[in-house]
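Student: turn this into a model:
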Amino acid sequence: MRVGVEVGGTFTDLVAVEGGRVVVTKVPSTPRTPDVGAFAALTASGIDLATIEDLGHGSTVATNAVLERKGAAVAFVATAGFRDLLFMQRHDRRNIYDLFYAKPVPPVRRKDRFEVVERLGADGAVETPLDEAAVQRTLVPALAAGGYRAVAICLLNAYANPAHEKRLAALIAAALPGVLVTASHQVAREFREFERATTTLLSAYVQPVIDGYLQRFETRLAEAGFRGRFTVMQSNGGRLPAEAMRESAITALYSGPAAGVVGATRQAARSDFRDLITFDMGGTSTDVCLVQDGRPSLASESEIDGLPIRTPVLDIVSVGAGGGSIAWVDDGGMLRVGPRSAGADPGPACYGKGGQEPATTDAHIVIGTIRPGAFLGGRMKLDADAARRAFEPLAERFGLTVEQAAASALQLADANIVRAIQLVSTERGRDPRDYALVPFGGAGPLHAARIAEELGIATIVVPPNAGVISAYGLVASDYTKFDAVTRKMKLDAAAAGEAARLFGEMRARLAAQFADMKLPGDLVYTHTLDMRFVGQAFEVGVEVPADRLDSLDAALLAGLFADAHHRTFMHGAALDRPIEIVTLRVGATLPIGAPPRLDRETLPPRAAETTRVFHGEAWLDCARHTAEALTVGQAIAGPAVVEGYTATTWVPPGWTATLDEADNLTLRRTP
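Tutor: Predicted coordinates for the structure are as follows:
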């Protein structure tokens, strides 16, 4: 049996697959103690933990630790003269018209930043040896007196030569055995000091939190009889054993959204859809990602709370639009939706847990797309009267009916999501009309058709059990690890040969790490070069075909760079200008084989009935179906509602929905 448990902002989802049997469970999340909610999902599923061979887990623990500033007490150690690196940052401004703009604040005070005497050149040559005596005499006592749980080390140019960092980390670990030490060469062996420093700092900041969380979870699992492999999802779309995550906690920042992209990609591929825009709308946010030829877009850098993170992540854009997003009026008297969310506690007003502010789930209750008695298959009753009462103040303020106010809130949520999709498609040089939209999460299929119409998308693929696709992604994802190293080289014959040699070293290093994790099998590698014209400030990722690694030459790499440059900037690259290689990246993946099949909901089928939905400016009569009652090939013309255990799909006028043999519900616009 393979099980995935994903902790979301509102619900904790579980998917268990054993042979042809699928178990789906949703329970309310427990934001203050997410491991309690995760274990509650295992208990509610009724699964004997001793039968679980592989348990995949994804959560927002690391993300919340950074956003809520609830990480560990951390110290930062830099080369003498660079202790203020984290506060000086870059000279750019994210919002040039904001008179009160302030740079993002790292989670470390100035008094918690320390220096050591040492210096490496840009080529890694030692200019000033590490002063070990001063470390023992001054730094170690200061760290001991500070009561720190973690120490982040980022020495100048350590990406070129990690010797000083390794020695310093060893000295601190020996003197302070209870303190977790993170060095930059372990998490981001790349140039650009500020980005490398923030990545190292945040990794150290969340490391004790992740370590404690996993230890508590593993203890409870062991007490309940679990003896299988416990793995954790990473931001790059692959899993790692929990023990390995204790050394690279920074890779778990976006594990939940990444799992959703993998699950949606795997399920859509069953119906031969490989060019996708995934659209995950859960309780607190919406996450979108572009998938080209079955491969989600990967970025080498992201940010959290304004701070850059140099680690491979799926290129996901998030906006504060979810089922719990609250509709409110700003200081200018304009209606807004999100990013503030009602979350799991108290939740939308219709949950009956004390929430009184209008949320998008309340809006769906008001307009009729969600039936109060059918939420989570009828296991959770919703209060329709409370939903209407929540929208009455907005309706009165704007001179609207309650239905019009609810519909307006949903339109605003849709507009936020459309903008997010444009960021991963149009602004990346991709036309969204060339892709199928794959909505999932509890609210995604309710909004998908309106969003597709705005973007000109003609095909929507709704997976079965759409509300738990992130949990499914945890059992359908491979094991993945990345390595990167900066080596600036002007492109010539010698550089091409050196790149091939370094690629070989990186593959060997990754293979050894998989062996240490006790993950045997044939690894699949990807090879990428960050390249640019000499004098440029930023690079373009150039993927090197695996069958050309043994014959790398300057002409081949120049041609690959020209193609990648054109796709990015849409103009020809002048190849008579000098080109340089900056960073080499290798990804290693251990495939799990064919992913398990995800079937439809197991609700009792119910005959189609007629209902009413407020669409546009009027109530429409439409059919209401249950997902379990549909038959393969059955076409449903809009307007219609298809109810499932984990999600409901809205099929508006002008669309037709058809169930295929993979249990995907495909919506197409009527010509």
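Student: number of residues surrounding H91?
Tutor: The number of residues packed around H91, counting by other Cβ atoms under 10 Å, is 5. For every residue, glycine as well, the C-beta is placed using N, CA and C.
Student: can you confirm it is in a helix?
Tutor: No - following the definition DSSP: H, G, I helix; E, B strand; the rest coil, H91 is coil and is not counted among the residues of a helix.
Student: quick one: it from N157, how far?
Tutor: 21 Å (Cβ to Cβ, to the nearest Å).
Student: buried residues in the lowest-mean-pLDDT helix or strand in the chain?
Tutor: Within the chain, judged by mean pLDDT, DSSP states H and E, the helix or strand with the poorest mean is helix 61-67; its value is a mean of 81. Buried residues in helix 61-67, defined by neighbour count with 16 or more other Cβ atoms under 10 Å: 61-66.
Student: and for the residue nearest to Q136 when sequence neighbours are not counted, the neighbour number?
Tutor: The spatial neighbour of Q136 that comes closest, neighbours along the chain excluded (Cβ to Cβ, 6 or more residues apart in numbering), is L171 at 6.9 Å. As a burial measure, the neighbour count of L171 was computed by other Cβ under 10 Å and equals 18.
Student: quick one: what helix or strand has L171 in it?
Tutor: Assigned by DSSP states H and E, L171 belongs to helix 163-175.
Student: now for that helix, which elements pack on it?
Tutor: Under the contact definition 3 or more Cβ pairs under 8 Å, 6 or more residues apart in numbering; DSSP states H and E, helix 163-175 sits against helix 140-146, strand 150-154, strand 180-183, helix 184-187.
Student: I'd like the ones you listed as a markdown table, with mean pLDDT appended.
Tutor: Formatted as a markdown table, the helices and strands packed on helix 163-175 follow (pLDDT from 0 to 100):
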| stretch | mean pLDDT |
| --- | --- |
| helix 140-146 | 95 |
| strand 150-154 | 96 |
| strand 180-183 | 94 |
| helix 184-187 | 92 |
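Student: show me the shaky parts of the stretch 551-671 of the chain.
Tutor: For the stretch 551-671 of the chain, residues meeting the criterion pLDDT under 70 lie at 570-575, 600-605.
Student: all strands of it, in order?
Tutor: Per DSSP state E, counting those that start in this stretch, the stretch 551-671 of the chain carries strands over the ranges 579-590, 609-615, 618-626, 635-637, 640-643, 648-651, 655-659, 665-669.
Student: kindly compare burial across those and name the winner.
Tutor: Comparing those on average neighbours per residue, with mean count of other Cβ atoms under 10 Å, the densest one is strand 648-651 at a mean of 25.
Student: the longest helix anywhere in the chain vs strand 150-154, what angle?
Tutor: When the chain is parsed with DSSP state H, its longest helix is helix 193-223. Using axes from the mean of the first three to the mean of the last three Cα atoms, to 10 degrees, one finds that helix 193-223 and strand 150-154 are set 150 degrees apart in direction.
Student: go through whatever helix or strand comes next after helix 193-223 and flag the buried ones.
Tutor: The helix or strand immediately downstream of helix 193-223 is strand 229-233, counting by DSSP H and E. Along strand 229-233, these residues count as buried under the neighbour rule (16+ other Cβ under 10 Å): 229-233.
Student: touching the helix or strand following strand 229-233 from outside, list them.
Tutor: Elements were assigned by DSSP H and E; along the chain past strand 229-233, the next helix or strand is strand 239-241. Among residues not part of strand 239-241, those counted as contacts by Cβ atoms under 8 Å, 6 or more residues apart in numbering are 56, 229-234, 248, 251, 474, 477-481, 517-519.
Student: and the buried ones among the residues you listed, selectable in PyMOL?
Tutor: Only the buried entries of the contacts of strand 239-241 go into this PyMOL selection, using 16+ other Cβ under 10 Å:
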select buried, resi 56+229+230+231+232+233+234+248+251+474+477+479+480+481+517+519
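Student: ranges for the strands of the stretch 251-400 of the chain?
Tutor: Along the stretch 251-400 of the chain, counting by DSSP E, counting those that start in this stretch, strands occupy 276-281, 286-292, 295-296, 298-299, 302-304, 307-309, 313-314, 316-319, 325-329, 335-341.
Student: so what touches the first one?
Tutor: Defining contact as Cβ under 8 Å, 6+ apart, one finds that strand 276-281 is touched by 257, 260-261, 264-265, 268, 286-291, 296, 321-323, 417, 421, 424-425, 432, 435-444, 446-448, 451, 457, 461, 469-470.
Student: ok and the helix holding L171 relative to helix 193-223, angle-wise?
Tutor: On the basis of the same axes, to 10 degrees, helix 163-175 is oriented at 40 degrees to helix 193-223.
Student: hmm, back to that, so which of the strands of the stretch 551-671 of the chain is nearest F76?
Tutor: Of all those, strand 579-590 sits nearest to F76, with 23.7 Å by Cβ to Cβ.
Student: and that closest one, which strands flank it?
Tutor: Using DSSP bridges, strand 579-590 pairs in its sheet with strand 479-490 (antiparallel), strand 524-533 (antiparallel).
Student: would you mind giving those as a markdown table with distance to E392 and mean pLDDT added?
Tutor: Formatted as a markdown table, the entries for the strands paired with strand 579-590 read as follows, by distance: least, Cβ to Cβ, whole Å; pLDDT from 0 to 100:
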| stretch | distance to E392 | mean pLDDT |
| --- | --- | --- |
| strand 479-490 | 50 | 94 |
| strand 524-533 | 55 | 95 |
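Student: okay, these in TSV with distance to T43 next?
Tutor: As requested, the strands paired with strand 579-590 are exported to TSV (distance: least, Cβ to Cβ, whole Å):
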stretch	distance to T43
strand 479-490	27
strand 524-533	37
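Student: surely V468 is in a strand?
Tutor: No - checked against three-state DSSP, V468 lies outside a strand; its state is helix.
Student: OK, contacts around it?
Tutor: Under the criterion of Cβ under 8 Å, 6+ apart, the neighbours of V468 are 6, 13-15, 24, 26, 646.
Student: which non-adjacent residue is nearest it?
Tutor: Of all residues beyond its chain neighbours, the one nearest V468 is D13 (4.2 Å), with distances taken as Cβ to Cβ, 6+ apart.
Student: check I421 too.
Tutor: Across the structure, with Cβ to Cβ, 6+ apart as the measure, the residue nearest I421 apart from its sequence neighbours is V288 (5.1 Å).
Student: okay, and the beta partners of that neighbour?
Tutor: Using DSSP bridges, the beta-bridge partners of V288 come out as F279, V317.
Student: please look at it and R419 and confirm they touch.
Tutor: No - under the contact definition of Cβ atoms under 8 Å, V288 does not touch R419, with a separation of 9.9 Å.
Student: wait, T670 sits on G654?
Tutor: Yes - using Cβ under 8 Å, T670 is in contact with G654, at 5.2 Å.
Student: between these two, which has more neighbouring residues?
Tutor: Between T670 and G654, G654 has the larger neighbour count (other Cβ under 10 Å), namely 14 against 10.
Student: now do the buried residues in stretch 48-58.
Tutor: Using 16+ other Cβ under 10 Å as the burial criterion, the residues of stretch 48-58 that qualify are 49, 52, 54-58.
Student: could you work out the end-to-end span of it for me?
Tutor: Distance between the boundary residues of stretch 48-58 (Cα to Cα, to the nearest Å) amounts to 20 Å.
Student: can you give me how far it is from the chain middle?
Tutor: Here stretch 48-58 is found 22 Å from its chain centre; the criterion is Cα atoms, centre = their mean, to the nearest Å.
Student: likewise stretch 489-499?
Tutor: With Cα atoms, centre = their mean, you get 35 Å for stretch 489-499.
Student: could you do stretch 305-315 as well?
Tutor: Using Cα atoms, centre = their mean, the mean C-alpha position of stretch 305-315 is found 10 Å from that of the whole chain.
Student: buried stuff in that stretch?
Tutor: So, applying 16+ other Cβ under 10 Å, buried residues of stretch 305-315: 307-315.
Student: low-confidence regions, the stretch 201-350 of the chain specifically.
Tutor: Counting by pLDDT under 70, the stretch 201-350 of the chain shows no low-confidence range.
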